[in-house]
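> Predicted model, plus sequence, below.
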Amino acid sequence: MSKGVLMVNLGSPKSTSPKDVKNYLDEFLMDERVIDVPWLLRAFIVKGIVLNTRPKKSAEAYQRIWWDEGSPLIVLSERLQEKVDNYTGVPIALAMRYGEPTIKQGLQELADKGVDEVLLMPLYPQFAMATTETILVLAEELRQEFFPQMKFTTLPPFYNHPDYVNVLSRSIGEKLDGVDYEHLLFSYHGVPERHIKKSDITKSHCKIDGTCCKTASPAHQFCYRHQCLETTEQVAKTLQLKEGTYSTSFQSRLGFDPWLQPYTDRTIEKFGLNGMKKMAIVSPAFVSDCLETLEELGMEGKEIFEENGGEEFTLIPCLNDREDWIKTLSRWIDEWAMQPKTQNT
Ligand SMILES: C=CC1=C(C)c2cc3[nH]c(cc4nc(cc5[nH]c(cc1n2)c(C)c5CCC(=O)O)C(CCC(=O)O)=C4C)c(C)c3C=C
Ligand SMILES: [Fe+2]
Ligand SMILES: [Fe+2]
């Protein structure tokens, strides 16, 4: 058997034109694990409302962060894939859940190299139905239809893996070295509260009441909120952050349903209004910088802070293609590649 890796990230529109952004949002938001309502209602919300209003605004946001080489998320994911490919002894392909390169193209690329045992590597530290789960479900559907000879293994969410926590902590420590700040905010992409309850395999643990995520439960294997809070706690412990000098919030709310709280924009506003002058922010739900970090935090978040009296806003970059991150991923891959036994997901 020949082994290979498929790294999968979220994806971006082809360009910053409203038409391409609309196509991308259509694919993204029509995913039943993102907008998790029956198809007819989803089509009404997405095609009838969101796609008639959002693409222009989103396209303008993408224009503010777009690079000459293309979407930051895709360019940074490509750099990561190339560098890990150079370090490891197995072929590494890259795919996006939405847009291109598709998961089917990524699997075909590996199949063309003779790979029949694939490590699926969703590039998300924390599990969510709207990210990890949708990747794994689609990959399995494609395997059954087009690549029945392949065997899949999945890299588990690494939100509390000591190697990941150390690299993330180091990246924060380096950026904040010599920077005077009063508070470090860990801002994770939000999800609707409903998603957390749906992913609760015990069907009774999750109450979203502030205590359930701190009480040990098998539900936490699939609890995005628990995993985010845990990443924050592990990093705070590693960096020896003092209680009260850091906290967790959730960004990018869409629609009118309750999402995970506290919301990042309101938290930043409150910091400013309460007299805070210097804050730092990190977004550990993403391993690559993207619209949500560069624009929503780096531009909008900064503006909210300054409009409300804040003065210094330090945005910590994602891990992107840091050397220690490349080496960590490569080590995980090599450890998997050396295991003799195969395992189907
Ligand atoms: C942890 C990662 C992510 C989760 C969880 C997630 C859930 C989620 N997202 C939306 C809606 C949108 N997200 C958008 C952009 C976007 N989302 C993520 C990651 C997660 N999303 C990333 C990395 C990005 C940026 C992509 C890029 O090209 O840089 C967007 C599009 C931009 C916009 O119009 O604001 C939408 C829409 C929902 C509804 C959801 C959970 C249900
Ligand atoms: Fe998102
Ligand atoms: Fe929980």
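Now that the structure is in, tell me what you want to look at. Ligands and ions are numbered 1, 2, ... in the order given.

> What residues does the stretch 201-345 of the chain have near ligand 3?
For the stretch 201-345 of the chain, the residues in contact with ligand 3 (CB under 5 Å from the ion) are 206, 212, 213, 223, 226. C-beta coordinates here come from the backbone N, C-alpha and C atoms, glycine included.

> Just confirm the fourth one contacts residue 200, I think it does.
What that stands for is residue 223. Yes - using CB atoms under 8 Å, residue 223 is in contact with residue 200, at 6.9 Å.

> count of residues packed around the closest residue to residue 80 other than its chain neighbours?
Leaving out its chain neighbours, the residue that sits closest to residue 80 by CB to CB, 6 or more residues apart in numbering is residue 321, at 5.2 Å. By other CB atoms under 10 Å, 19 other residues sit near residue 321.

> Please apply the same query to residue 12.
The number of residues packed near residue 12 is 26, by other CB under 10 Å.

> what's the spacing between it and residue 61?
The gap separating residue 12 from residue 61 is 12 Å, by CB to CB, to the nearest Å.

> Quick check: neighbours shared by these two?
Here residue 12 and residue 61 share the contacting residues residue 291, scored by CB atoms under 8 Å, 6 or more residues apart in numbering.

> quick revisit: just the ones in strands from the residues of the stretch 201-345 of the chain next to ligand 3, please.
Among those, none falls in strands (DSSP state E).

> Most neighbours among those, which one?
Highest count within these by other CB under 10 Å belongs to residue 223, 27 neighbours.

> For residue 192, see how far away that residue is.
For residue 223, the distance to residue 192 equals 14 Å [CB to CB].

> Touching both of the two, which residues are there?
Residues touching both residue 223 and residue 192 by CB under 8 Å, 6+ apart: none at all.

> Can you report phi and psi for the residue nearest to residue 80?
When quoted as degrees, to the nearest 10, the phi and psi of residue 321 stand at phi -120, psi 40.

> Can I get stretch 231-240 in PDB, CA atoms only?
Once non-C-alpha atoms are left out, stretch 231-240 reads as follows in PDB (Å, rounded to 0.1, in the frame of the first residue of the first chain):
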ATOM      1  CA  THR A 231      -7.300  25.600  23.400                       C
ATOM      2  CA  THR A 232      -7.500  28.900  25.300                       C
ATOM      3  CA  GLU A 233      -6.800  27.300  28.700                       C
ATOM      4  CA  GLN A 234      -3.900  25.200  27.400                       C
ATOM      5  CA  VAL A 235      -2.200  28.200  25.800                       C
ATOM      6  CA  ALA A 236      -2.900  30.400  28.900                       C
ATOM      7  CA  LYS A 237      -1.200  27.700  31.000                       C
ATOM      8  CA  THR A 238       1.800  27.500  28.700                       C
ATOM      9  CA  LEU A 239       2.200  31.200  28.500                       C
ATOM     10  CA  GLN A 240       1.500  31.600  32.300                       C
END
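
> Not counting sequence-adjacent ones, nearest residue to residue 279?
Spatial nearest neighbour of residue 279, excluding adjacent residues (CB to CB, 6+ apart): residue 183 at 5.0 Å.

> Phi and psi next, for the one you found.
Dihedral angles (degrees, to the nearest 10) for residue 183: phi -150, psi 140.

> what does the one 5 residues further on give?
With angles defined as degrees, to the nearest 10, residue 188 shows backbone torsions of phi -100, psi 150.

> With just CA atoms, put stretch 143-153 into PDB.
Provided in PDB are the C-alpha atoms of stretch 143-153 (Å, rounded to 0.1, in the frame of the first residue of the first chain):
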ATOM      1  CA  ARG A 143     -14.300   7.600  -1.900                       C
ATOM      2  CA  GLN A 144     -17.300   5.200  -2.300                       C
ATOM      3  CA  GLU A 145     -18.200   6.600  -5.700                       C
ATOM      4  CA  PHE A 146     -14.800   7.200  -7.400                       C
ATOM      5  CA  PHE A 147     -11.900   5.800  -5.200                       C
ATOM      6  CA  PRO A 148     -13.300   2.500  -3.700                       C
ATOM      7  CA  GLN A 149      -9.700   1.100  -3.500                       C
ATOM      8  CA  MET A 150      -8.600   3.900  -1.100                       C
ATOM      9  CA  LYS A 151      -8.500   3.500   2.700                       C
ATOM     10  CA  PHE A 152      -8.900   6.700   4.800                       C
ATOM     11  CA  THR A 153      -7.500   7.600   8.200                       C
END
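
> Flag every buried residue along that stretch.
For stretch 143-153, burial by neighbour count (16 or more other CB atoms under 10 Å) applies to 143, 147, 150, 152, 153.

> same deal with stretch 300-320?
For stretch 300-320, burial by neighbour count (16+ other CB under 10 Å) applies to 300-302, 304-305, 308, 310, 312-320.

> and if you look at stretch 157-174?
157-161, 164-165, 167-172.

> ok, and which of these reach ligand 1?
Among those, none lies close to ligand 1 by the criterion of CB under 6 Å from any ligand atom.
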